[in-house]
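**Q** Just the structure for this:
(2 chains)
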Amino acid sequence: MLSIVLMVSGVMTLIFSGFYAYWAGLALLTFVFPIVSLLLFFVSFKTVKRVEAFDVQEGWTIDEAAEITNPENPIVAPATLDIKSLDLGMLVIGGPGAGKSMMAMALQEFNYKFRPECGSAYFEGKGDFDIYQTYVKATGYPDFFFSSELEHSDSINVMDAPTETIIDMFSRVFVDSTNGYYEASQKKAIRSTVPLLKLFGTPVILPDLWTVLTNSQAANDLIRKAKAQNLDSDIIAGCEQYFEQEEEERLNNIDGLLNKMHPFVTGMVSSRINAYEPTLDIAKAVKDGKRIYFHLPLTDMALAVATMITEIFGVVAKDRQLYQFNDRQAYPLHFDDWGKFFYSNFGPITARCRSARMPISFYFQSRGQTDAVELGNVFTVEITDNIGAIWALRINGWETAKWLAEQFGTYESAAVSFRGEDTEDQMVSVTEKPRVRADALRDLNAGEAYGMIFATKEGGKMTNKRYKLRFPMPNNNEIAPTYWPEIEQGTHNDEAEGLHLWRDYKNAEATAERKKEAVAEVLESDFEEDEELDDEELFL
Amino acid sequence: MITWWNLYPIYLFSIFPTIIAAIPTIPNKLAFGGIFRQWLANKFISILPEDKVFSYHRFFMQGDTLDEFIAILPMLLVTTIFAVWIAYLLGTVIITINNAVSKRTQQSIIEAHRR
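**A** Numbers count the residues shown, from 1 in each chain, chains lettered A, B, ... in the order given. As a prediction, the model looks like this:
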């Protein structure tokens, strides 16, 4: 009101100054009154109360949106989802056909258009071709395409990671934890052999590990080679100790491990995950801001491969945290239809990735999928706490809907009523209502969502905003592909530099040959030693 | 609680000087409008440069009621500004006192419900 009064005063002073100029001509006051008028206008603009809006400077703008922080007074206006919050990762939950994948595409399209310098990794857990088609239409062909099922895909090396990570990863993926005795033996096998394999500084692949575990000749030769090169004696001793066990008993103990490992050594996926010179170096792709499409339709094998790839991303995140401080571009990771792919180490990896500006967005269907990871629902709590935004698309199940509705909290609703028409007696009733009803989550259209996300403003102020909105469909920016990508194969393992235990010991014939070579080598060295001894004796 | 919308009669106070200035002068019966216009003209003359006073004085004295009204328009604007500010201050005082009382009452009722 004050600004209106000031504005009216300013207008009137301006008109007055016109009249004064007419009657007084070029007098001193003729110039004073317009200045007074301008001052009044200035003060009027200054006194306009500005709503303390968290004007998001940069972000993904959704046109169809309403802010429902106070659901009784929704603000229907386009919502800009703060880029800083998007870079904290999101949890997107929705039933089949609710629009999760399309939302993932639209978000990636936003990144592709407005942050082309940032790469991204899209993990697709359904495996449909139309999702790949939509991805290409919206964002263009990915720089790398890895598939657990399609033959023509980029190749990776799952053992291209630090020793400890490989031990953790293989212990999680290959070790059967149902029997404590065998579990310990199998973990011991991994812990004893992987450090030795990594000791040589040359690329190692999973079949090399398999060879060491199953072929004692290969193990003995490797230990001898390590000793000859004067490599870490503690690791060699640990490995030697492990192989001192009785062969039959040792193999019996790790039978389950070998059984689980077998499809990854000789199966269909083997050539794609065991390349000495992989066409997809994940660490380099992240560093260069490349876009990777992981086609991992749910199978037990895809689950294991996905776990290994996720662990590799954890390593990349660690590297970014420790050694890349400047110009660290965001590298979003989208795990689409990932409910069945969650595993216990996801929580720490999420936190690590978020901290390294590699925000993880999960798209899944049910709370049950996160609850299944660990007893006591610890994983669900951890994952919801580690994330910057939660979006609830249409939910089918009541339990998940109820849980999600609770995440949006409550608000206070005060109602004033009068006892009678001619009375001033007021009655105020205050009730605490849920901001979002569970039922409302079951009635959403495809792409519609309730969500909450942080909004930041200059000075570091933050607030948690709640929205009901409809995510846009991804656009057709590029020509749709008609078939899966045909990736050219990289260097064959036989031609690449590596430890090559698998090649050198792959059958009895090759092993016998290596045995002969080893015997000859030992004899030769003994002969040389004898000669030296003889010389010494002669000298004496 | 009351807002500025409830206090709309107070806005009319702003046009009070204009209404008085518009009252015609009827000899021996109604002189108030004329006296107010003359007072406004004198006030305007007091801020005019000396060499310009004569022409304004002649326009005011020789003109009819409409000319008189036109002549006092500048000062009428000034008095209206004052009237607007008086109305604003009055309204602010009324709203502040009234709302402070009802706010406290409602707050205590809400607090009682919470307990």
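**Q** mind listing what residue A:331 touches?
**A** Applying C-beta atoms under 8 Å, 6 or more residues apart in numbering or on different chains to residue A:331 gives the contacts A:118-121, A:286, A:289, A:357-358. All C-beta atoms are positioned from the backbone trio N, CA, C, and that covers glycine.
**Q** Arrange the residues you listed in a markdown table, one row each, with pLDDT as further columns.
**A** Shown next, in a markdown table, are the contacts of residue A:331 (pLDDT from 0 to 100):
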| residue | pLDDT |
| --- | --- |
| A:118 | 88 |
| A:119 | 91 |
| A:120 | 94 |
| A:121 | 95 |
| A:286 | 92 |
| A:289 | 91 |
| A:357 | 90 |
| A:358 | 91 |
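**Q** ranking those by neighbours, who comes first?
**A** Counting neighbours by other C-beta atoms under 10 Å in any protein chain shown, residue A:358 comes out on top of the contacts of residue A:331 with 28 neighbours.
**Q** Checking it next. Helix, strand or coil?
**A** Applying DSSP: H, G, I helix; E, B strand; the rest coil to residue A:358 yields a three-state assignment of coil.
**Q** where's residue A:258, which helix or strand?
**A** Per DSSP states H and E, residue A:258 falls inside helix A:255-266.
**Q** which secondary structure elements does that helix contact?
**A** When contacts are defined as 3 or more C-beta pairs under 8 Å, 6 or more residues apart in numbering or on different chains; DSSP states H and E, helix A:255-266 sits against helix A:163-174, helix A:180-198, helix A:206-214, helix A:270-273, helix A:300-323.
**Q** Just give the nearest non-adjacent residue to the residue of chain B found nearest chain A, would you?
**A** Proximity of chain B to chain A (C-beta to the nearest C-beta) peaks at residue B:74, 3.7 Å away. Nearest in space to residue B:74, with sequence neighbours left out and distances taken as C-beta to C-beta, 6 or more residues apart in numbering or on different chains, is residue A:19 at 3.7 Å.
**Q** Tell me the spatial nearest neighbour of residue A:505, not counting adjacent residues.
**A** residue A:218 (4.3 Å).
**Q** Quick check: that neighbour touching residue A:511?
**A** Yes. Counting by C-beta atoms under 8 Å, residue A:218 touches residue A:511, with 7.4 Å between them.
**Q** residues shared between the contacts of the two?
**A** Shared contacts of residue A:218 and residue A:511 (C-beta under 8 Å, 6+ apart): residue A:505.
**Q** Between those two, which is the more surrounded one?
**A** Ranked by neighbour count (other C-beta under 10 Å), residue A:218 and residue A:511 place residue A:218 first, with 23 against 18.
**Q** ok, back up a step: state the pLDDT value of the residue nearest to residue A:505.
**A** pLDDT for residue A:218: 90.
**Q** got the CA coordinates for stretch A:90-100 in PDB?
**A** C-alpha atoms of stretch A:90-100 as PDB (Å, rounded to 0.1, in the frame of the first residue of the first chain):
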ATOM      1  CA  MET A  90      17.100 -38.400  -7.800                       C
ATOM      2  CA  LEU A  91      14.900 -41.200  -6.800                       C
ATOM      3  CA  VAL A  92      12.100 -41.800  -9.300                       C
ATOM      4  CA  ILE A  93       9.500 -44.300  -8.400                       C
ATOM      5  CA  GLY A  94       6.600 -45.300 -10.700                       C
ATOM      6  CA  GLY A  95       4.600 -48.300 -11.700                       C
ATOM      7  CA  PRO A  96       4.800 -49.800 -15.200                       C
ATOM      8  CA  GLY A  97       3.900 -47.300 -17.900                       C
ATOM      9  CA  ALA A  98       4.100 -44.400 -15.400                       C
ATOM     10  CA  GLY A  99       6.700 -42.600 -17.600                       C
ATOM     11  CA  LYS A 100      10.000 -43.300 -15.800                       C
END
